[in-house]
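Trainee: Quick check, what structure comes out for this input:
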Amino acid sequence: MNGNQEVTYAVDFRAARQRGQKANTLSWDLRLPAADAACLIVPRIARLMALAIRFEGMLRDETVRDYAELARLGGVTRARMTQIMKLRHLAPDIQEEILFLPDIRGLNERNLRPVVSRVDWREQRRLFQKICKQ
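Mentor: Here you go, the predicted model:
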């Protein structure tokens, strides 16, 4: 078996529903009862955070070569991919909080850019709390 295998991933960034696809389906097409589906509403920022974590793993494992390849596979620009991946620059506790927070008005990737730009994690935490309290 050759160690240089090519792996292709289909990544869909679209938020709109597909024809006939319901909001209560998971990516592996496991259908859930409507009551359980209400519990699975995940904020967009949490989905982006999870994608950034997953993509970083793919880069580390050399499944994909670089951000440009991820962007091509996802059908987004390289700039957008960079914006998503910058979420990994947040303090680890903020990343974890984002993954498990309920939907908070005003908490989105764009509003987190000033937080991500800070190197000091204490400053990031202060700014993040300020956004969450709005």
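Trainee: how distant is stretch 64-72 from the center of its chain?
Mentor: 15 Å (Cα atoms, centre = their mean, to the nearest Å).
Trainee: From the rest of the structure, what touches stretch 104-115?
Mentor: With contacts defined as Cβ atoms under 8 Å, 6 or more residues apart in numbering, stretch 104-115 is touched by 43-45, 48, 83-84, 86-87, 90, 94, 98, 101, 124, 127-128, 131-132, 134. The way it works is simple: take the backbone N, C-alpha and C, and place the C-beta from them, glycine included.
Trainee: Just the buried ones out of those residues, please.
Mentor: Buried members of the contacts of stretch 104-115, counted by 16 or more other Cβ atoms under 10 Å: 43, 45, 48, 83, 84, 87, 90, 94, 98, 124, 127, 128.
Trainee: among those residues, which are in strands?
Mentor: Among those, no residue falls in strands (DSSP state E).
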